[in-house]
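with the sequence up front, the predicted model follows.
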Amino acid sequence: MTRLTRRTLLGLGAATAAATVLPGCSGGKSPLRVSWYGPDPVTKALNTALAAWKSSGGVEYSAESAPFDDYWDKLATQTSGNNAPDVLRMSMSYFSDYAGRSALKDLGSLGIDTSGIDADVASSGMVDGKNYGIGQSSISYAMYVDEAAVKHAGGTVPAQGWTWDAFAEFARDYSGSVQGSFGSSDQAGNFQLFEVFARQHGTELFSDDGGKLATSKDTVREWFQYWADLRNAKAAPPQNVSAETTAIEKSLVAKGKAPLQFGWVQQVTFYQPLVKSPLAVLPVPQDKAGDLKGQFIKGLDLWSISAASKHPEDAAKLIGFLLNDEKAIKTIGILLGVPPSKKARDLVSADAGSAGARAIKYVEDLAGKVGPSPKPWPKGYGELLTGFGRIAENIGFGKTKPDAGAQEFVDLAGKTLGQ
Amino acid sequence: MIARLRQSLPAYLFLLPWLIGVLGLTIGPMLLSLYYSFTDYALLNTPEWTGLHNYTALFQDSRYLHSLRVTFIYVGVSVPLEMTFALAVAVLLNRGLKGLAVYRALYYVPSLLGGSVAIALLWQQIFGSDGLLNQFLGLFGIQGHGWISEPGTALWTLIVLRVWQFGAPMVIFLAGLRQIPDDVLEAAEVDGAGRWQRFWRVTLPLLSPVVFFNLVLQIIGAFQAFTPAFVISGGKGGPSDSTLFYTLYLYQQAFGNFRMGYAAAMAWVLLLIIAVFTGLNFVLGRTWVFYGDEGVRR
């Protein structure tokens, strides 16, 4: 037994103090910090890809991840505290908030190899000639349909999807013929699907400079009314049912209570494991049958480097690795969206029967038929996204009418945009 | 002067960790937030002075006013219920129950857990449309509904959650009840006072300082409630803003919508509201709190 003397205690104290201080100000480099949002499969895949980066000679890294909503709270705090991660996943929903406030680095001079990447995706993050982010994927909005369920109910699924009118009719018929089911989940609060609807009505959602709403109040009202009618016809679920479908595993399609679901194309791979029969990937309903001009293909998730990053070169190398390395491409698959290069798409769609392969085929078929990509979503988009959902919910609960709700949204946009 | 400094220096040295904490982590950020409340500060840019704009904008913001209303309902309903419940259980436990320590611990546990994320998630499971409560009601053939997904009942599930955490005030009540001398109660009994009379006229007045203490703390705590609403509504305050607590709206503005200045103003108004309520409590308290020394002074 050693007896503790004052001297040993002092030594111990000094050692502890040194140990706690050293990592903070050591001469060596701090690890490269990488941060992203997404559900569990995304996190697993990216961790594997990062391990591959390390073993192929990449620098030391540390990874952080969070679900979408929490991610932004955290990133805002980190950024304002000058402590943002070096490499980060940026969503178009918040891109302008960050790029417009100089929180992201211009990637132009960092030499990231984008030669194989689709041109529109590689330049998704261009603002005034500066590139604040490289698209991770090209994605489009889609509808995933459980064809077996539809056939079982005696319906058919048109290869190009439905028109809005035909969709409403289908939804009513389906609800009528399958007890306890709904033809569709309620998409009234889906701002991203509404963007397609708005484009089908002849205007972009936002003005080119992002300072105003370009779509009209009438279009918003028509949208809210469309879903209100479906709810009234019991073709879409009542609001209190929808209010509980907050997660993928709680969605109606996963619970077998609806034959279809809307979302970004890659999300079909999150739903597929929860549905027994294969989900077909189809275009969303159209104004005129077969006219897909309302939809668009765009890189909506980007790899960016924070302005505060102390090792931008390593960060750039990592981004290049994630975009171009074969192992990384295979691991990530289509979890971040349809891969943005031909090489990657071929590697990933090798497994022909998978939901991923169907998603890739969907985007490839869509190319050339969709309308032009909209500009990056404007500053304040995140607030409109949640605001639109909230107003739709108020209408669903009967607290306000479609017309008043549309006005409320237009007012909100007037207050939020152009600040 | 120097001699005095030398004398008190060790004291300050010992206090240093605490002083650094208070100045760096409490007073500093508070002053900074006061400054931010007069600015337009989007978290990522430098704050711009806008004077009282945030404060005037607050009262034209219908969601802000709505969040005030939700919070007042929550405080106004949950605190009296929780207090009554705590007192009732404390009185029951005080009647010389066997295994008192066990019960006391059992009832106290929810207070320790109640603010946690885990319990909020559990609450979601209990009050969801295929949750425990509806299954229980189903046994009696009663058709339940989604308590949390219905704007009419969502706030009530949060109120129930708060009342369920009655343990902390209960333990304090119990300690207070133990302090009431038996001879006073016996004297009242001898004088012919019934059980109710003894409670209303002897126990409660003697307990009033403890009631007062609990009331002040619970009101402050209820105004600041955040976690349950955040977790149960997924951070949105829904359905249909029915659980949009003041603190939740503040959080949304600060971190969701990049309006740190606005949120700072909200925080200071909340501080003011709590200060007014606490002050009011102290003023009103003079009329009903009995410290047992009044007789001596008169």
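Cool, the structure landed. Numbering: from 1, shown residues only, chains lettered A, B, ... in the order given.

helix/strand/coil for A:Thr269?
Local secondary structure at A:Thr269 is given as helix here, using DSSP: H, G, I helix; E, B strand; the rest coil.

excluding chain neighbours, what is closest to it?
The shortest distance from A:Thr269 to any residue other than its chain neighbours is 4.9 Å, reached at A:Ala355 (CB to CB, 6 or more residues apart in numbering or on different chains). Where C-beta positions appear, they are placed from N, C-alpha and C, glycine not excepted.

quick one: pLDDT of the one you found?
Note for A:Ala355: predicted pLDDT of 84.

what sits against it?
The neighbourhood of A:Ala355, defined by CB atoms under 8 Å, 6 or more residues apart in numbering or on different chains, consists of A:Val268, A:Thr269, A:Gln272, A:Pro278, A:Leu279, A:Val281.

distance of it relative to A:Tyr362?
With distances taken as CB to CB, to the nearest Å, A:Ala355 is found 10 Å from A:Tyr362.

where do the strands sit along the chain?
Answering for chain A, as no chain was given. Residue ranges of the strands in chain A, as given by DSSP state E, are A:32-37, A:61-66, A:87-91, A:126-127, A:130-131, A:134-135, A:141-146, A:260-264, A:279-282, A:301-305.

wait, chain B
According to DSSP E, the strands that chain B contains are B:39-40, B:48-49.

single out the most deeply packed of those strands.
Mean neighbours per residue, mean count of other CB atoms under 10 Å in any protein chain shown, is largest over the strands of chain B for strand B:39-40, with a mean of 19.

and that one, what does it pack against?
Identification of packing neighbours for strand B:39-40 by 3 or more CB pairs under 8 Å, 6 or more residues apart in numbering or on different chains; DSSP states H and E yields strand B:48-49, helix B:53-58.

redo that, cut-off 6 Å
strand B:48-49 (3 or more CB pairs under 6 Å, 6 or more residues apart in numbering or on different chains; DSSP states H and E).

who's in contact with the strand it packs on?
B:Thr39, B:Asp40 (CB atoms under 6 Å, 6 or more residues apart in numbering or on different chains).

tell me the strands beside it, with direction?
Sheet pairing of strand B:48-49 (DSSP bridges) gives strand B:39-40 (antiparallel).

show me how far the strand it pairs with is from its chain's centre.
Going by CA atoms, centre = their mean, to the nearest Å, the spacing between the C-alpha centre of strand B:39-40 and its chain's C-alpha centre is 30 Å.

ok so, going back, any chance of the strands of chain B in CSV, with mean pLDDT too?
What follows is these, written out as CSV (pLDDT from 0 to 100):
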stretch, mean pLDDT
strand B:39-40, 92
strand B:48-49, 90
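
switch the ones you listed over to JSON lines; also include distance to B:Gly234.
Converted to JSON lines, these look like this (distance: least, CB to CB, whole Å):
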{"stretch": "strand B:39-40", "distance to B:Gly234": "29"}
{"stretch": "strand B:48-49", "distance to B:Gly234": "33"}
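
got the residues of the stretch 1-150 of chain A near chain B?
A:Asp69, A:Asp73, A:Ala76, A:Thr79, A:Ser80, A:Arg101, A:Ala103 (CB under 6 Å from any CB of the partner chain).

can you rerun that using 7 Å?
Taking CB under 7 Å from any CB of the partner chain as the contact definition, the stretch 1-150 of chain A meets chain B at A:Asp69, A:Asp73, A:Ala76, A:Thr77, A:Thr79, A:Ser80, A:Asp97, A:Tyr98, A:Arg101, A:Ala103.

residues contacting the closest residue to chain A within the stretch 51-200 of chain B?
Scanning the stretch 51-200 of chain B for proximity to chain A using CB to the nearest CB identifies B:Ser149 as nearest, at 3.6 Å. Contacts for B:Ser149 (CB atoms under 7 Å, 6 or more residues apart in numbering or on different chains) come out as A:Asn240, A:Ala243, A:Glu244, B:Ser129, B:Pro239.

for it, which non-adjacent residue is closest in space?
Distances taken as CB to CB, 6+ apart put A:Ala243 closest to B:Ser149, at 3.6 Å, once the chain neighbours are dropped.

cool, and B:Phe59?
With CB to CB, 6+ apart as the criterion, B:Phe59 has its nearest non-adjacent residue at 7.2 Å, and that residue is B:Leu65.

so how far is A:Ala413 from the one you found?
Taken as CB to CB, the span from B:Leu65 to A:Ala413 is 21 Å.

higher neighbour count, those two?
Set side by side, B:Leu65 and A:Ala413 show unequal neighbour counts under other CB atoms under 10 Å in any protein chain shown, the larger going to A:Ala413 at 24 against 12.

for the more buried one, give me its contacts.
With contact taken as CB under 7 Å, 6+ apart, A:Ala413 is in contact with A:Leu213, A:Leu384.

where does pLDDT dip in chain A?
When the per-residue scores of chain A are filtered using pLDDT under 70, the ranges that remain are A:1-29, A:352, A:419.

give me that answer again for 80
Within chain A, the segments meeting pLDDT under 80 span A:1-29, A:120, A:246-247, A:349-353, A:418-419.

gap between A:Lys234 and chain B?
Distance from A:Lys234 to chain B, counting by CB to the nearest CB, to the nearest Å: 17 Å.

and for B:Gly234, the neighbour number?
The burial count assigned to B:Gly234 is 14, neighbours taken as other CB under 10 Å.

how many residues are close by the closest residue to it other than its chain neighbours?
Leaving aside its chain neighbours, B:Gly234 sits nearest to A:Thr246 (5.6 Å; criterion: CB to CB, 6+ apart). Other residues near A:Thr246 come to 15 when the count uses other CB under 10 Å.

with the one 10 residues further on instead?
Other residues within reach of A:Gly256, judged by other CB under 10 Å, total 15.

I figured B:Tyr36 hits B:Leu43, correct?
No: B:Tyr36 is beyond contact range of B:Leu43, at 10.0 Å (criterion: CB atoms under 7 Å).

ok, now which ones touch the residue of the stretch 151-298 of chain B at minimum distance from chain A?
Proximity of the stretch 151-298 of chain B to chain A (CB to the nearest CB) peaks at B:Phe255, 4.1 Å away. B:Phe255 makes contact with A:Asp73, A:Ala76, A:Thr77, according to CB under 7 Å, 6+ apart.

need the residues of the stretch 101-250 of chain B near chain A, please.
When proximity is defined by CB under 7 Å from any CB, the stretch 101-250 of chain B lies next to chain A at B:128-129, B:145-146, B:149-151, B:234-235, B:238-241.

least confident of these?
Checked by pLDDT, those have B:Gly238 as the lowest-scoring entry (74).

ok, for that one, nearest residue in space, not its chain neighbours?
Taking CB to CB, 6+ apart as the measure, B:Gly238 lies nearest to A:Glu393, with 6.3 Å between them; neighbours along the chain are not counted.
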